[in-house]
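K.L.:
3D model of this:
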Amino acid sequence: MPIAALSALLHRCRPEPAALRTALLAAALPALGAAAAPLQAPPWPRSSLGSADLAVLYARGDATSEAIARAYQRARGIPAAQVIGVDIPTDADAIGAEAFAAIKAELDASLPAAVQATLLTWTRPSRVQGACSMGITSALAFGYSALRCGGCARTLASPYYDSDSTRPWTELQLRPSMMLGAATLEAAQALIARGLAADGSAPGGTGWLVRTPDAARSVRWRDFAALPAQWTGPAAPRLHYVDASSGTPSPWLTGQADLLFYFTGAAQVPQLAGNRFLPGAAADHLTSFGGRLPAANGQMPATAWLDAGATASYGTVEEPCNHAEKFPRASVLVEHYLRGATLIEAYWKSVAWPGQGLFVGEPLARPWPDTPGTTLEDGQLVLRTRALRRHGAYRAEWLPAGASRWQTLGTLSGPEPGPTVWRLPLPVDSARGRLRWLGPCAGSPLQTCVLGESD
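P.N.:
You can find the predicted model right below:
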C-alpha cells in the first residue's frame, strides 16, 4: 500500500487518537521499506597523531624542563591533564634499568588511555642502563629489555616499523616517544616555532642523501641511491643522491638554502652552519653514539642537527655496529612524512630495530597534513586523501540490500604520495546498500583490512 494511502486510511480510523495513528504508521514503515537509512559514504581513517594524542613529560624539580613542557603545551594545545611530572634525576647521563622500571610503571598507570605518544622535555638522562643501553625514548615505548640492546647483536624488531597505524598504543601497545632535545627554554622555543611553521607548509625544499668515504657508516647508500627516482611527481620533493665515497665531490653540504632532508654517515658532519634548514626538516648521521647525550663519546650528537636548524634527528646511545636496521631508512621516513604523518611518526616508522636509538625533535611537525574526506557526489563515491601507501592495494565494495556478498566497485594501486581524488560510479540501485573501503592493515601492510564502512 502506498504510504500516502496508508496515512489517509489511518486518519479515517476514528476514534483512534493521533498518538495511536502515529505509532501504527511508524510500525508499518519498515515493512514498506521506507525506513531504510540513506546511503552513507564510509569514513576513511585519519593519517596522523594530533595534540590530543600526546603527553608531555617533565622532570619534577627541574625548572627548565617544566618551563619547556608548559611552553610546548601552550603552543600545541596539549590537554592540561596530559602534562605530567615524573620523578627522574637529571644530574646524570643514564638512569639504571631498575629505577627506570619503577618510573615507567607509575607513568603507564597514570597516562590517560587516549595518549598514543610522549614527549620528554629534559636532555639528561638520555639512556637507560642495564645489561646494555637503550635510548630512553625507546625504553619508554617498549619498556627496558636487554633483547632490544646489546652492542652489535640483532635486536627485537618494532611492530611500528613502516606501519600505517595512527593509534600505536591502542593498536600495538606501544607509545612512540621523542625527546625535544633542547637544553634551554630559548632553544626549545625556537624549535617549537619551527615545528609550528612547518605545519601545512608543503615545503618545496631539497633533500640530500650522501654516501661518504666512511664506508662503515655509509651502509644506507643503496636506499639513498634508489630514492630520487621514486619521487618524480609534481608534489615530490627534490631529492639528490651524492656518491662521495671516493672523496670527490665533497661529502659535506654547504651553501644550501632550502634543506628539507639531509641523511649521511659520518662521526662528524662539518659545515652545518653554512646551510639553512626549512621548518620541518629531518636530518641524521649514521654513527655509533649520536644519541648518547650530551657529549656523544666525542662524536657529533644528534642535537647538533637541531642546533643547526633541523626539526628532528636520531642517534644511538651505545655501540650498535652498522646494522642498517638500527638507523632510519630514508625511503620509509620520506614516504610516511609526505603521506601526512607527523615527524615523530615518520621517524619512528623508519627504524626497524630502534631499541638502542634516541629520537629528538619537535614531534607534531606536519608539513603535509592529510584531512581525508569521503562523499557521495552525483552518483559517485569520492575519496580525497594524500595518505595512500605507495603501491598499496585499495578496494571499494558495495553490499546490496538483503545480500550477503560484497561486490567490488573499483580497485586502486596507491600512487606516489600526494593529493589523490578517487571517484567510483555507484550502482543505480545502491541507495539501500552499504559501502566500505579496504586496504593495507594498519599494523600489517601486506594484509588487507576494512578501513571504513558505512552504517
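K.L.:
From now on I want contacts and neighbour counts done on CA atoms only, so please keep to that.
P.N.:
Will do.
K.L.:
Could you list the low-pLDDT ranges of the protein?
P.N.:
Residue ranges of the chain with pLDDT under 70: 1-37, 235.
K.L.:
what does the domain assignment say about it?
P.N.:
3-32, 51-202+279-361, 373-453 (automatic domain parsing).
K.L.:
got a list of what residue 420 touches?
P.N.:
383, 384, 385, 386 (C-alpha atoms under 8 Å, 6 or more residues apart in numbering).
K.L.:
Can you tell me which of those residues is closest to residue 359?
P.N.:
Nearest to residue 359 out of those is residue 386 (C-alpha to C-alpha; 25.5 Å).
K.L.:
how about the closest one, phi and psi?
P.N.:
Dihedral pair for residue 386: phi -120, psi 10, per degrees, to the nearest 10.
K.L.:
Can you name the residues bridging to residue 179?
P.N.:
residue 120, residue 360 (DSSP bridges).
K.L.:
How much space separates the closest residue to residue 205 other than its chain neighbours from residue 342?
P.N.:
Once flanking residues are discounted, residue 205 sits nearest to residue 258: 4.9 Å by C-alpha to C-alpha, 6 or more residues apart in numbering. Look at residue 258 and residue 342: by C-alpha to C-alpha, to the nearest Å, they are 20 Å apart.
K.L.:
Give me the most central residue, the chain.
P.N.:
Computing the C-alpha centroid of the chain and ranking residues by C-alpha atoms, centre = their mean puts residue 345 first, at 2.5 Å.
K.L.:
Enumerate every residue touching it.
P.N.:
By C-alpha under 8 Å, 6+ apart, the contact set of residue 345 is 48, 49, 176, 336, 337, 363.
K.L.:
coming back round to it: quick check, nearest of the contacts of residue 420 to residue 208?
P.N.:
Of the contacts of residue 420, the one sitting nearest to residue 208 (C-alpha to C-alpha) turns out to be residue 386, at 23.5 Å.
K.L.:
Assumed residue 128 was part of a strand.
P.N.:
Yes: the assignment for residue 128 is a strand, going by DSSP: H, G, I helix; E, B strand; the rest coil.
K.L.:
can you give me the strands for the stretch 101-250 of the chain?
P.N.:
For the stretch 101-250 of the chain, the strands defined by DSSP state E, counting those that start in this stretch cover 117-120, 127-129, 133-135, 177-179, 206-211, 238-243.
K.L.:
From the rest of the structure, what touches the fifth one?
P.N.:
With C-alpha under 8 Å, 6+ apart as the test, strand 206-211 has contacts from 218, 221, 224-225, 237-245, 251, 258-265.
K.L.:
Name every strand pairing with it and say which way it goes.
P.N.:
Strand 206-211 has its sheet partners listed here by DSSP bridges as strand 238-243 (parallel), strand 259-265 (parallel).
K.L.:
so how far is residue 185 from residue 217?
P.N.:
Note on residue 217: its distance to residue 185, by C-alpha to C-alpha, is 33 Å.
K.L.:
more neighbours, those two?
P.N.:
More crowded of residue 217 and residue 185, by other C-alpha atoms under 10 Å: residue 217, with 22 against 18.
K.L.:
Helices along the stretch 1-150 of the chain, start to end?
P.N.:
3-12, 18-32, 63-76, 97-110, 136-142 (DSSP state H, counting those that start in this stretch).
K.L.:
other SSEs contacting the shortest one?
P.N.:
When you say that, I think you mean helix 136-142. With contacts defined as 3 or more C-alpha pairs under 8 Å, 6 or more residues apart in numbering; DSSP states H and E, helix 136-142 has these neighbours: strand 127-129, strand 177-179, strand 357-361.
K.L.:
Looking at those, which one is packed in the most?
P.N.:
Among these, strand 357-361 has the highest mean neighbour count (mean count of other C-alpha atoms under 10 Å), at a mean of 30.
K.L.:
Downstream of the lengthiest strand in the chain, the next helix or strand is which one?
P.N.:
Secondary structure of the chain read by DSSP state E shows that its longest strand is strand 277-286. Where DSSP states H and E defines the elements, the next helix or strand beyond strand 277-286 is helix 303-308.
K.L.:
ok, and what's touching that next one?
P.N.:
Identification of contacts with helix 303-308 by C-alpha under 8 Å, 6+ apart yields 181-182, 191, 272-273, 276-277, 283-284, 311-313, 360-361.
K.L.:
swap in stretch 77-95?
P.N.:
Residues contacting stretch 77-95 (C-alpha under 8 Å, 6+ apart): 51-52, 54-60, 62, 66, 69-70, 72-73, 103, 107, 111-112, 115, 122-129, 292-294.
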